[in-house]
Each structure stands twice: as C-alpha cells, then as structure tokens.
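Novice: Need a 3D model of the sequence below.
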Amino acid sequence: MSPRITLDQAIARAAMALAALGDDIEPRREAEALAAACLGVGRAGLVTRGELPLEPPLDDILERWTQRRAAGEPLAYIVGHRDFWTLRLAVSPAVLVPRPETELLVERALALAPARAAGEAPVSAVDLGTGSGAIALALASERPDWKVVATDRSAAALDVAQRNARANGLQRVQFLQGDWLAPLAGRRFDLVISNPPYVAADDPVLQADSLRVEPREALTPGADALADLASIVAAAPGHLAPGGWLLLEHGATQAASVAERLVARGFTHVRSHADLAGSQRVTEGQWPG
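Specialist: Model prediction:
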C-alpha cells in the first residue's frame, strides 16, 4: 500500500497539471482553490493542513476535479460557486460564470441612481438577462430599499438566480421569465441594466476552453454581435422613467458602436467607462427627463 501524500504534495501535483492551461491562469492559486473547496475550508485552512496526509476519498476527488479543470471546464462549475461583488453565488452550466469586469455595471448603477427624499417612491432597477442573478443581487444587497427586478428567458437560469437570492437573504428581488423587456409591459424603471450576449457566432474565441462549456445562448446573439445590444437600446425607452438610465456591458471594441446607437435613439449624456484592464466595457445613456 503506497503512503498517502500530504495536502501540500497534492496541491503541487494539481498545480503542475494545471500549468498546461497556459498563461491565462495562476496554476498554484487555482490548485489551492480546488483543494479548499474539496476540504470545505478557506484558503487559510490549507496552511494548517499542509503537512497532513490527504485522505484517499479527498485525494481522488481533488484529482478528478484537477482533470476537469485541466480539460478547460471553468473552476466555478467544478466547485459550484463564484464570488461576485460581496456575494457568493452558486453557478452551474445553466448560467455564465460572473466576471469581475461586470462589477463595473454595479458601480455605475449605484452612482447614477437618483436621490430619493423620504416618502418618495424607491429607486427601481431591472437587470435584463440576469443569469446567476449577479447584478440584481449585488444591487439589492447594497440598496435594500430599491425595487429590483430581474428577467431571463431561461427557466434554468432563473432557478439558479432564485436559489442565490434565498442563499444571500435577498428574496425581495422579483424574477420574471421572458426575453429582455418582454415580461415588463407597462412598467418603467429608473435604471435598466444588462450584460447581454455580444460575441459573434463565428468568433474563434467561442472555441476557447474558457468559454466552450458555458451556455452558448448567453455568449452570442448570432452572426451580428450587436444584435441583442441594439434590441435593448431600441426597446428600453418604453420602460425608462424620465431621466432614467440605460447601462450596457459590451465587448472591448464595441463602445463606439453602442454609443452611436444610444445617441441615434435619443439618449443623452452618453459615455463609456473602462474596466480594470483598461478596456471600454460599459456604456450608459440617459433618457431625456
């Protein structure tokens, strides 16, 4: 019977296997994340266990998870969650893995929300194509007094989002199934926010290991990468209160095209904002008051 390896040795083995994924990841960090999830501890908990033998069932699980990650499956799908804003969100192949750059949408929504005096109606916001619920739940966690709605065409995605709302104690968010603004007949909002699909169907990036197992319908609208963005820009004024804002995440090279569409539709104060990598990632416009 071969001696059991220590946790530190298992992590080193995993990191070596993950190095094959290339420069897009930090192998040691991801190996530690897999080990922490496997043991049900935080990263700090790995330090105190480093020299201890890793029990065979856990060793086997960690090795299987490492093989899945080395094959390109997102880390979040393997461990079952992703941290976004201040929340821990469950994720599954029914939803995109929330990205750090999408937090810029949350920041801009909080900055643009109109002030409300005591006794006035609360700020209203809708997150279109909510997926895991990341944007809607982040806003609800920061502003418990807001009326937050989230829509998605996918029943499976809404199930994930609703479970995340319950897990984070944010059950006042309303979830509606339907395509973008379709479930919102007659309703107007101070903020309409969306991170829609914006990758052309023939873009080779969709074949990358990091994307090929995520839901394709959440990544691409088809041949025209701007199709869903254009649809939302066209329809949003019918659901915006006077002076309300439309905020859109888009591809790193699409800011000018999205801004042009907003201006042509009649939006004012149109401007784009860069993410932490310096890419113009969010464009916003105000509907005239």
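
Novice: which residues in the stretch 151-289 of the chain form helices?
Specialist: 155-167, 227-235, 255-265 (DSSP state H, counting those that start in this stretch).

Novice: In CSV, list these along with distance to residue 67, mean neighbour count and mean pLDDT.
Specialist: (C-beta placed from N, C-alpha, C; glycine too.) As requested, the helices of the stretch 151-289 of the chain are exported to CSV (distance: least, Cβ to Cβ, whole Å; neighbours: other Cβ atoms under 10 Å; pLDDT from 0 to 100):
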stretch, distance to residue 67, mean neighbour count, mean pLDDT
helix 155-167, 25, 18, 98
helix 227-235, 35, 19, 98
helix 255-265, 39, 17, 98
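
Novice: Residue 73: which of those is closest?
Specialist: For residue 73, the closest of the helices of the stretch 151-289 of the chain is helix 155-167, at 17.0 Å, according to Cβ to Cβ.

Novice: one step back: distance to residue 135 added to the helices of the stretch 151-289 of the chain, as JSON lines?
Specialist: Formatted as JSON lines, these follow (distance: least, Cβ to Cβ, whole Å):
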{"stretch": "helix 155-167", "distance to residue 135": "10"}
{"stretch": "helix 227-235", "distance to residue 135": "14"}
{"stretch": "helix 255-265", "distance to residue 135": "17"}
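
Novice: Can you pull up the most central residue in the chain?
Specialist: Note on the chain: the residue nearest the mean C-alpha position is residue 98, at 2.3 Å, using Cα atoms, centre = their mean.

Novice: Please name the residues that touch that one.
Specialist: 82, 84, 89, 91, 131, 132, 134 (Cβ atoms under 8 Å, 6 or more residues apart in numbering).

Novice: For the fifth one, which non-adjacent residue is closest in space?
Specialist: The shortest distance from residue 131 to any residue that is not its chain neighbour, by Cβ to Cβ, 6 or more residues apart in numbering, is 4.2 Å, and that residue is residue 95.

Novice: measure the one you found to residue 20 for me?
Specialist: 27 Å (Cβ to Cβ, to the nearest Å).
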